[in-house]
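Participant: the following block contains a protein sequence and its predicted model.
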4 protein chains.
Amino acid sequence: MQPVLSEEAEVLVRFNEADPLGIVWHGNYIRYFEDGREAFGAKYRLRYLDIFAEGYTVPIVNVECNYKRPLRYGDRVLVETRYIPTEAAKIRFEYTLYNAATREVVCTGASVQVFLDKEADILQLTVPAFFAEWKKQWGVS
Amino acid sequence: MQPVLSEEAEVLVRFNEADPLGIVWHGNYIRYFEDGREAFGAKYRLRYLDIFAEGYTVPIVNVECNYKRPLRYGDRVLVETRYIPTEAAKIRFEYTLYNAATREVVCTGASVQVFLDKEADILQLTVPAFFAEWKKQWGVS
Amino acid sequence: MQPVLSEEAEVLVRFNEADPLGIVWHGNYIRYFEDGREAFGAKYRLRYLDIFAEGYTVPIVNVECNYKRPLRYGDRVLVETRYIPTEAAKIRFEYTLYNAATREVVCTGASVQVFLDKEADILQLTVPAFFAEWKKQWGVS
Amino acid sequence: MQPVLSEEAEVLVRFNEADPLGIVWHGNYIRYFEDGREAFGAKYRLRYLDIFAEGYTVPIVNVECNYKRPLRYGDRVLVETRYIPTEAAKIRFEYTLYNAATREVVCTGASVQVFLDKEADILQLTVPAFFAEWKKQWGVS
């Protein structure tokens, strides 16, 4: 059985992230996912900058977002980011966003990233060595 | 057989929409989807403002995005927005984004919206009368 | 002599805030100013939400920004926000942004806000009572 | 007497550019200025991409914005961008934004850009040859 790698980040909803209906514009949740990934990366040494340093970029190839309850300016959001093991040359994360005050789920989502060679911009069909090492270090596949 | 309701909008990729890798940041495609919906709405009289005028808001409850090829600052994007018929009290759109120069598909996606009573903020479980009328007018379910 | 009211907020530069040149897009500094004002408001009870609760909105009527050095993804920014006393029915803030690592000044700026009656949307030509009280409380003009 | 170089661009206010007060968030005007500069650049061959091709980047070192009247979702904005001659190794633009429907001025502003060598990232203290040529071509200083 594998350990569950996850991290929780707290994000404060900015005034400029809410729309004329007074709620966070749905596109801004994609930023919260990125904030979550970065917090995860800070904990597990998998930030964009760590990956760049290994010679790769990890563009998003799929993202999905299910909105459950609105967020408003001034709300605090807990972004839980979970690493989902996969054998493929991909990184998959799932997200659950909570209203920090009520602990209600406000959103769930997922993203998939692939590996590109940073210089040649070539899609990697096999798991890069550094990431195989990363998985081993944290005991996940 | 129902007609296919669709509209194509052209969007110019802004400098400020591209990220340090020189490509459009993935979250910005959600804006392009919205641009596409608005162009669709302008053609078929289903803009946010039209819907507000009927007493409803139509928040997004699901969005997904599949990234196929990068977009860069200066590129022109064709956003094709298609109405997908459904019996539910929802609006579903599918999107195909093309690089206007190469006609290659750069992204596909979909979104689902629900109806809320604008004043009471209550989810509508049945199709609002104005939208039933809209469907009838355009010959779709 | 009046006390200097100021607050310092730390902001982490997000990947999606940097542009294709690898540096923070200049328009995003306006967000950092807003983050600074909100941190100031949290300390001195002058957040947007506090002001709304008093029946006013405080739209920005002027903003200026002088860029001294670039910021990059991953940098930490210190946003120093200072209240600048004025007799007019306005709120003036000045900002100094530092690179948290090097303590170099990366940007200076200023903003001016006016008071609008929240319901009637009418510009206030005299200082609202709640703000006169706020000034008195903190010993500033 | 020099000719006045200027261009007008029309921008449609997006739903996601307006804030919880229903008006365009002030930071988004900086985008409209950039849209204006790009339209100007398209007319006079001075887009970012043109300048990059000459080996330079032109970061903004100063921007200011004076807000006169609110803009709302659905409004059309005319962005007038005027080139302001200067002897310095800088590019200065002034902007006037109009509500396209009412022709009222909604905002005025200005920006200053400097020249950096694209490779070495070095500030140019004298006007680059390509830009001296550009000025000559259009009859401005």
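Facilitator: Yes, it's here.
Participant: show me which residues of chain A sit near chain D.
Facilitator: A:15-16, A:18-22, A:25, A:27, A:72-73 (Cβ under 8 Å from any Cβ of the partner chain). All C-beta atoms are positioned from the backbone trio N, CA, C, and that covers glycine.
Participant: what sits against the nearest residue to residue A:128 once chain neighbours are set aside?
Facilitator: Spatial nearest neighbour of residue A:128, excluding adjacent residues (Cβ to Cβ, 6 or more residues apart in numbering or on different chains): residue A:115 at 5.4 Å. By Cβ atoms under 8 Å, 6 or more residues apart in numbering or on different chains, the contact set of residue A:115 is A:56-58, A:89-90, A:123-124, A:127-128, A:131.
Participant: mind checking pLDDT for residue A:115?
Facilitator: Listed pLDDT for residue A:115 reads 97.
Participant: please apply the same query to the one 3 residues further on.
Facilitator: Model confidence at residue A:118, expressed as pLDDT, equals 90.
Participant: likewise residue A:122?
Facilitator: 93.
Participant: hmm, who's touching the top helix by length along chain A?
Facilitator: Longest helix in chain A, counting residues (DSSP state H): helix A:29-44. Residues from elsewhere that reach helix A:29-44 (Cβ under 8 Å, 6+ apart): A:5-9, A:11, A:17, A:46-48, A:50, A:63, A:65, A:67, A:77, A:79-81, A:83, A:93, A:95, A:97, A:107, A:109, A:111, A:134, A:138, B:26-27, B:30, C:14-16.
Participant: surely residue A:95 forms part of a strand?
Facilitator: Yes - the assignment for residue A:95 by DSSP: H, G, I helix; E, B strand; the rest coil puts it in a strand.
Participant: what's the burial count for it?
Facilitator: For residue A:95, the neighbour count with other Cβ atoms under 10 Å in any protein chain shown is 24.
Participant: out of the contacts of helix A:29-44, name the ones that lie in helices.
Facilitator: Counting by DSSP H, these contribute A:48, A:50, A:134, A:138, B:30 to helices.
Participant: so what's the residue count around the fourth one?
Facilitator: Residue A:138 sits with 15 neighbouring residues when counted by other Cβ under 10 Å.
Participant: the inter-axis angle of the strand or helix carrying residue A:130 versus helix A:29-44?
Facilitator: For residue A:130, the host element (DSSP states H and E) is helix A:129-138. Relative orientation of helix A:129-138 versus helix A:29-44 (axes from the mean of the first three to the mean of the last three Cα atoms, to 10 degrees): 70 degrees.
Participant: pretty sure residue A:68 contacts residue A:108?
Facilitator: Yes - using Cβ atoms under 8 Å, residue A:68 is in contact with residue A:108, at 7.1 Å.
Participant: find residues that contact each of these two.
Facilitator: Common neighbours of residue A:68 and residue A:108 (Cβ under 8 Å, 6+ apart) do not exist.
Participant: centroid residue for chain A?
Facilitator: With distances taken as Cα atoms, centre = their mean, chain A has residue A:37 as the residue nearest its mean C-alpha position (3.3 Å).
Participant: from residue A:87, how far out is that one?
Facilitator: 21 Å (Cβ to Cβ, to the nearest Å).
Participant: contacting residues for the residue nearest to residue A:19 when sequence neighbours are not counted?
Facilitator: Once flanking residues are discounted, residue A:19 sits nearest to residue A:25: 4.2 Å by Cβ to Cβ, 6+ apart. Taking Cβ under 8 Å, 6+ apart, we find residue A:25 in contact with A:17-19, D:15-16.
Participant: ok, of those residues, which one's closest to chain C?
Facilitator: residue A:17 (9.4 Å; Cβ to the nearest Cβ).
Participant: and the pLDDT at the closest one?
Facilitator: At residue A:17, pLDDT is 96.
Participant: what residues does chain A have near chain B?
Facilitator: Near chain B, when you scan chain A using Cβ under 8 Å from any Cβ, you find A:21, A:23, A:26-28, A:30-31, A:34, A:57, A:59-67, A:70.
Participant: how about stretch A:126-133 as CSV, C-alpha atoms only?
Facilitator: Output of stretch A:126-133 as CSV, limited to C-alpha atoms (Å, rounded to 0.1, in the frame of the first residue of the first chain):
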residue,chain,number,x,y,z
THR,A,126,8.8,7.4,-20.5
VAL,A,127,9.1,8.7,-17.0
PRO,A,128,12.2,10.9,-16.7
ALA,A,129,14.9,9.5,-14.4
PHE,A,130,14.6,12.4,-11.9
PHE,A,131,10.9,11.7,-11.5
ALA,A,132,11.4,7.9,-11.2
GLU,A,133,13.8,8.8,-8.4
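Participant: buried set for it?
Facilitator: A:127-128, A:131 (16 or more other Cβ atoms under 10 Å in any protein chain shown).
Participant: a markdown table for those residues, including pLDDT?
Facilitator: Converted to a markdown table, the buried residues of stretch A:126-133 look like this (pLDDT from 0 to 100):
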| residue | pLDDT |
| --- | --- |
| A:127 | 97 |
| A:128 | 97 |
| A:131 | 98 |
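Participant: outside of stretch A:8-19, which residues touch it?
Facilitator: With Cβ under 8 Å, 6+ apart as the criterion, stretch A:8-19 contacts A:24-25, A:28, A:31-32, A:35-36, A:38-40, A:71-81, A:100, C:31, C:34-35, C:38, C:48, D:15-16, D:18-20, D:25, D:27.
Participant: just to revisit the earlier point, how close does the residue nearest to the centre of chain A sit to residue B:83?
Facilitator: 33 Å.
Participant: go on, residue A:32?
Facilitator: From residue A:32 to residue B:83 the distance is 29 Å (Cβ to Cβ).
Participant: so how far is stretch A:60-70 from its chain's centroid?
Facilitator: Relative to its chain's centre, stretch A:60-70 lies at 11 Å (Cα atoms, centre = their mean, to the nearest Å).
Participant: just stretch A:120-132 next, same as before
Facilitator: With Cα atoms, centre = their mean, you get 19 Å for stretch A:120-132.
Participant: repeat for stretch A:36-43
Facilitator: Relative to where its chain is centred, stretch A:36-43 has its mean C-alpha point 7 Å off (Cα atoms, centre = their mean).
Participant: and residue A:90, how far from residue A:120?
Facilitator: 19 Å.
Participant: can you check residue A:36 too?
Facilitator: Residue A:36 is 30 Å from residue A:120, by Cβ to Cβ.
Participant: out of these two, which sits in the more crowded spot?
Facilitator: Per other Cβ under 10 Å, whichever of residue A:36 and residue A:120 has more neighbours is residue A:36, with 28 against 8.
Participant: if I look at the more buried one, how far off is residue A:57?
Facilitator: Distance from residue A:36 to residue A:57, by Cβ to Cβ: 19 Å.
Participant: ok, now residue A:12?
Facilitator: From residue A:12 to residue A:57 the distance is 29 Å (Cβ to Cβ).
Participant: over to residue A:64?
Facilitator: 21 Å.
Participant: now swap in residue A:112 and tell me
Facilitator: 14 Å.
Participant: which one of the two has more residues nearby?
Facilitator: residue A:112 (20 against 17).
Participant: was I right about the more buried one contacting residue A:62?
Facilitator: Yes - under the criterion of Cβ under 8 Å, residue A:112 makes contact with residue A:62 at 4.3 Å.
Participant: related to what we said a few turns ago, which of the ones in helices among the contacts of helix A:29-44 count as buried?
Facilitator: Here, 16+ other Cβ under 10 Å leaves A:48, A:134, B:30 buried among those.
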